[in-house]
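Engineer: Predicted structure and sequence below. I'll ask about it afterward.
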Amino acid sequence: MPDVLTFYSNKFRKLRIDRAHGNAPHKPILLLSIIELIEQGAILKNKIEPSPLIVESFLKYWNLLSLEKPRIYLPFYHLKSDEFWHLHAKIGQESLLATISQFKSMAQLASVVDFASLDEDLFLLLHKAEAREVLRQTTIETYFSDKAELFRHAIAENQEINVIENLLLENAEKKNFDSPKIVADEKKREKAFSRAIMRLYDYTCAACHYRIVTLNGESAVDAAHIFPFSQSRDDSIGNGISLCKLHHWSFDRGLFAIEDDYKLVVASSFSESGNEDFSLAKLQSRTILLPEEKPFRPSLTMIRWHRENCLDL
């Protein structure tokens, strides 16, 4: 391992960046993001897709630098020049990927590139905690030495949130799990809850199945509590659901609820007009989007409480 680690440490120190425009931190920030997502267990296979997860992680580091608007598609494409990052085209786009020299947006890149992969030796290396930390610190010290403490603080905080998120996921089926007693830091627990719910639903509204994520990492959905946290003090996974802004507002006000079979029931105590595509009435009897694994689905106890206490038929 030391020889392989030394080889990739040198690679990370000598990234081909456009120094004519300053430090050009896009590539090292992308690498820090990949390291973080592997550490979280969010990247299990050597297939790194242009996704909200990468945008979310990338922006967290980018915002520490107070720079201009990031262009995440640049390092995702140009890191291939460092020869340990490999791009794989979508079916039918192989010739275009082979000839194109630059992408102008993440959407354009995602339409051509299916995923990226790392050298297999590097991918395996990043699954070893000690080696991962060496490569992370090498990246920080080489490109962000003046803000090293800021980066290390952000990484440490994220690692704490990751531990809390895993705790919430591991205890998803425990009825007597009291997250506030186990994790006193409400802000970190809230971040862990939100991140877990958003990822379980792939940033998609469970009610209307609508999904939108901007290139600055913003999503149209919220991680909503079914039984309001102000009353329940419950941040368990079973008390969470992903809802877009309209349906989060409507759900909180009891304009619709969820049946035990996960179908929606809409109240009749309100009026609506306008574009029928956004009509709440169209949600009637629609099955909500559900996480694949049953332990992470909304708790029947929680949806019954909401239906019995909030829905105004």
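Structural biologist: Everything's here; your move. Numbers count the residues shown, from 1 in each chain.
Engineer: contacts and neighbour counts: CA atoms only from here.
Structural biologist: Noted.
Engineer: how about the helices in the chain?
Structural biologist: 2-13, 26-40, 52-62, 73-78, 94-99, 106-112, 120-125, 129-143, 148-170, 179-182, 186-200, 229-232, 245-252, 300-309 (DSSP state H).
Engineer: Now the fifth one: buried residues?
Structural biologist: By that I understand helix 94-99. residue 97 (16 or more other CA atoms under 10 Å).
Engineer: contacting residues around residue 123?
Structural biologist: Neighbouring residues of residue 123 by CA atoms under 8 Å, 6 or more residues apart in numbering: residue 46.
Engineer: Quick check: nearest residue in space to residue 165, chain neighbours excluded?
Structural biologist: residue 192 (4.6 Å; CA to CA, 6 or more residues apart in numbering).
Engineer: tell me the contacts of the one you found?
Structural biologist: 161, 162, 164, 165.
Engineer: Distance check, it against residue 198.
Structural biologist: Separation of residue 192 from residue 198 (CA to CA, to the nearest Å): 10 Å.
Engineer: if we can go back for a sec, ranking the helices of the chain by mean pLDDT, which is last?
Structural biologist: For the helices of the chain, mean pLDDT drops lowest on helix 179-182, to a mean of 68.
Engineer: Excluding chain neighbours, what is closest to residue 132?
Structural biologist: residue 126 (4.8 Å).
Engineer: Just the pLDDT for the one you found.
Structural biologist: 96.
Engineer: Surely it and residue 37 touch.
Structural biologist: No - Residue 126 is not in contact with residue 37 according to CA atoms under 8 Å; the separation is 10.3 Å.
Engineer: Compute the number of surrounding residues for residue 166.
Structural biologist: Neighbours of residue 166 under the rule other CA atoms under 10 Å: 17.
Engineer: how close does it sit to residue 111?
Structural biologist: Taking CA to CA, one finds residue 166 at 33 Å from residue 111.
Engineer: so what's the spatially most central residue of the chain up against?
Structural biologist: Compute the mean C-alpha point of the chain, and by CA atoms, centre = their mean the closest residue is residue 53, 3.5 Å away. For residue 53, the contacting residues are residue 37, by CA under 8 Å, 6+ apart.
Engineer: So residue 27 sits against residue 75, correct?
Structural biologist: Yes - taking CA under 8 Å as the definition, residue 27 is a contact partner of residue 75 at 4.9 Å.
Engineer: neighbour-wise, which of these two wins?
Structural biologist: residue 27 (23 against 19).
Engineer: For the more buried one, give its distance to residue 83.
Structural biologist: 13 Å.
Engineer: Show residues contacting stretch 79-93.
Structural biologist: Contacts of stretch 79-93 (CA under 8 Å, 6+ apart): 11, 15-16, 27, 77, 94, 97, 111-119, 122.
Engineer: let's see it at 7 Å
Structural biologist: Applying CA atoms under 7 Å, 6 or more residues apart in numbering, the contact partners of stretch 79-93 are 15, 16, 27, 97, 112, 113, 114, 115, 116, 117, 118, 119.
Engineer: what's the first-to-last distance across that stretch?
Structural biologist: 19 Å.
Engineer: Okay, buried residues for that stretch please.
Structural biologist: For stretch 79-93, by 16+ other CA under 10 Å, it's 79, 80, 84, 85, 86, 87, 88, 89.
Engineer: Just the pLDDT for the third one.
Structural biologist: Each residue has a pLDDT score; the one for residue 84 is 96.
Engineer: For it, what are phi and psi?
Structural biologist: phi -110, psi 0 (degrees, to the nearest 10).
Engineer: Can you tell me which of the contacts of residue 192 is nearest residue 44?
Structural biologist: residue 162 (15.7 Å; CA to CA).
Engineer: Now do the closest one against residue 130, distance only.
Structural biologist: From residue 162 to residue 130 the distance is 18 Å (CA to CA).
Engineer: same check, this time on residue 98
Structural biologist: Distance from residue 98 to residue 130, by CA to CA: 36 Å.
Engineer: cool, residue 210 as well?
Structural biologist: 40 Å.
Engineer: repeat for residue 39
Structural biologist: Distance from residue 39 to residue 130, by CA to CA: 11 Å.
Engineer: do residue 304 as well
Structural biologist: Relative to residue 130, and taking CA to CA, residue 304 is found at 47 Å.
Engineer: Hmm, residue 106 is touching residue 70, no?
Structural biologist: No - Residue 106 is beyond contact range of residue 70, at 10.9 Å (criterion: CA atoms under 7 Å).
Engineer: With neighbour numbers in mind, choose between those two.
Structural biologist: More crowded of residue 106 and residue 70, by other CA under 10 Å: residue 106, with 20 against 16.
Engineer: Next, count neighbours for the closest residue to that one other than its chain neighbours.
Structural biologist: Spatially, and ignoring its direct neighbours in sequence, residue 106 is nearest to residue 73 (4.9 Å; CA to CA, 6+ apart). Other residues lying near residue 73 total 22 when counted by other CA under 10 Å.
Engineer: so what's residue 73 up against?
Structural biologist: Contacts of residue 73 (CA under 7 Å, 6+ apart): 103, 105, 106, 109.
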